[in-house]
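*Asks:* sequence and predicted structure, then a few things I'm wondering about:
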Amino acid sequence: MPKIKTKAAAKKRFTLTGTGKIKRHHAYHSHILTKKSIKRKRNLAYSAIVEPNMERTVKQMLGQC
């Protein structure tokens, strides 16, 4: 069996934590920030965990499965 290639786009967007969860960044934090509230921008700045129903798909893209 050949090795499974990692998707380059997924490699740039996701990181694995020590416990096996997948970290991601929030969208909508790159431009047009003047109309967004400070609270909204602050919450978008923090990273999030990928939802359980998407974990398998993302791990396949990262070559983990």
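*Replies:* Looks like it arrived, so ask away.

*Asks:* quick check, central residue of this protein?
*Replies:* residue 24 (2.3 Å; Cα atoms, centre = their mean).

*Asks:* I'd assumed residue 48 was in contact with that residue.
*Replies:* Yes: counting by Cβ atoms under 8 Å, residue 24 touches residue 48, with 5.6 Å between them. In this view, the C-beta of every residue, glycine as well, is placed from N, C-alpha and C.

*Asks:* sketch out the helices for the chain, chain order is fine.
*Replies:* For the chain, the helices defined by DSSP state H occupy 8-13, 38-45, 52-62.

*Asks:* right, and the ones you listed - which one's nearest residue 29?
*Replies:* Nearest to residue 29 among the helices of the chain is helix 38-45 (4.0 Å), distances taken as Cβ to Cβ.

*Asks:* most neighbours per residue, which of the helices of the chain?
*Replies:* Across the helices of the chain, averaging neighbours per residue (mean count of other Cβ atoms under 10 Å) puts helix 52-62 on top, at a mean of 14.
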